[in-house]
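*Asks:* Next one to model:
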Amino acid sequence: DRGVYDQPTTAVTVSTPEAIFPFDENKYPKNRLGLAEWTFAEENPLTARVFVNLIWQELFGAGIVRSAGDFGMQGDLPTHPQLLDWLAVDFRESGWDIKHLIRTIVSSATYQQSATVDDKKLEKDPGNFYLARAPRIRMNAEHIRDMILFSSGLMVQELGGPSVKPYQPEGLWEASTSGRGELAEYRQDEGNSLYRRGLYTFIKLTSPPPKPIIFDGSNRDVCEVTRNRTNTPLQALAMLNDPLVLEASRVMAGQLVGAGKAAEAAIEEAFARILCRPPSEEELRLLTAYYQEELKRFRQRPEKILHAVQAGDSPLGPNAEKPETAALMQVVVAIYNVEEAITKT
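*Replies:* The predicted structure follows:
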């Protein structure tokens, strides 16, 4: 009675919720196979809808049902029930093809709208319930790492394998460990393992990796259907000082200088690789002026070059100690730190 273990009332048996739809024991074996068949049965109204809603939440920042973890009586009603129904049926009939589902959503006119907010729309629909504009949301923690790796050319796209331990401040792990066994101290990986996608980052419950946590990643101690999205000074500090950001900037700058590109052309390419659009005239003017300022500084103080470019474990390369590389690296760091770099707009 009310969850008290020594006050039993009505006897219950192992089964699925009748409110969804009955578990027909003549149709489904009463084991894990039967549960899987019941879960993906055409009569089950939840499976496709819940998954479609989670994908919608990833792309728009909020689900069609805003309480993505609660489709019950205490949850929110869908803002667009017919759209949710249609997407769920289309997803199931496609053979549960996730790529097809994502392609359908991102190729829609709704997703491809501008994220610009005018006063009239903001007054009528501040929470964007009616999808009058495109989503403007910050990337998830893992996606920020992936964006940095991919845009710089550092990403190792190998699939599967064990978790990896990327850069982490010294002593952080040891401060919260019991001091015994294999995990007593943090052993940073080397080589290609440093450049795996964020999905593969090793997570220790008592000492989760700091950068994902700063960007609202999960520390895995609870199940999170919906993540918070905060905006804090620590995030700006991480993007300015993280060894991966500095290393990625140096690698990209070395590639562009090694290709013999002129300053403006190199800045335009770096801008496009990170922000996925060409810079405006004003943006290009500001970044070029910053490049010239940094180039002058490094030419006057060449001993500063090595200190600036030595972040990270990847080899420096033949162009690393040129003042042009160090100056362009500072420009790339600045581009990575534009809000638009880590925000879908």
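
*Asks:* What score does residue 197 have for pLDDT?
*Replies:* pLDDT recorded at residue 197 is 94.

*Asks:* Now for the residue nearest to it when sequence neighbours are not counted, how many residues are close by?
*Replies:* Leaving aside its chain neighbours, residue 197 sits nearest to residue 146 (5.3 Å; criterion: C-beta to C-beta, 6 or more residues apart in numbering). Where you see a C-beta, it was placed from the backbone N, CA and C, and this is true even at glycine. Here the count is done by other C-beta atoms under 10 Å, and residue 146 has 18 residues near it.

*Asks:* Now residue 146: which helix or strand?
*Replies:* Using DSSP states H and E, residue 146 falls within helix 141-152.

*Asks:* And the average pLDDT for that helix is what?
*Replies:* Averaged across helix 141-152, pLDDT comes to 94.

*Asks:* on that earlier part again, do I have it right that the residue nearest to residue 197 meets residue 200?
*Replies:* No. Taking C-beta atoms under 8 Å as the definition, residue 146 is not a contact partner of residue 200, at 10.6 Å.

*Asks:* What is the neighbour count of residue 318?
*Replies:* Neighbour count for residue 318, taken as other C-beta under 10 Å: 11.

*Asks:* Show me the helices in this protein, by range?
*Replies:* Taking DSSP state H, the helices of the chain run over residues 32-39, 47-60, 81-93, 98-106, 119-124, 141-152, 210-214, 233-241, 243-258, 263-275, 281-300, 303-309, 323-336.

*Asks:* Buried residues, the fourth one. List them.
*Replies:* By neighbour count on 16 or more other C-beta atoms under 10 Å, the buried set for helix 98-106 is 101, 104-105.

*Asks:* Which residues does it contact?
*Replies:* Outside helix 98-106, the residues that touch it by C-beta atoms under 8 Å, 6 or more residues apart in numbering are 52, 55-56, 59, 87, 90-91, 94, 111-112.

*Asks:* Now that we have these, which of them are buried?
*Replies:* For these, a burial check counting by 16+ other C-beta under 10 Å picks out 52, 55-56, 59, 87, 91.

*Asks:* Flag whichever of those residues scores worst on pLDDT.
*Replies:* Lowest in pLDDT among the buried ones among the contacts of helix 98-106 is residue 59, which has 92.

*Asks:* So what would you say the end-to-end distance of stretch 56-64 is?
*Replies:* End-to-end distance for stretch 56-64, by C-alpha to C-alpha, to the nearest Å: 7 Å.

*Asks:* Pull out the buried positions in it.
*Replies:* 56-60, 62-64.

*Asks:* One more: stretch 176-187?
*Replies:* Using 16+ other C-beta under 10 Å as the test for burial, stretch 176-187 gives 177, 186.

*Asks:* thinking again about what came up before, and the buried ones among the contacts of helix 98-106, which two are the farthest apart?
*Replies:* The widest separation within those, taken as C-beta to C-beta, falls between 59 and 91 and amounts to 13.8 Å.

*Asks:* Report the buried residues of stretch 329-344.
*Replies:* Buried, per 16+ other C-beta under 10 Å, within stretch 329-344: 329-336, 341-342.

*Asks:* out of the residues you listed, which one sits closest to residue 135?
*Replies:* Nearest to residue 135, judged by C-beta to C-beta, of these is residue 342 at 14.0 Å.
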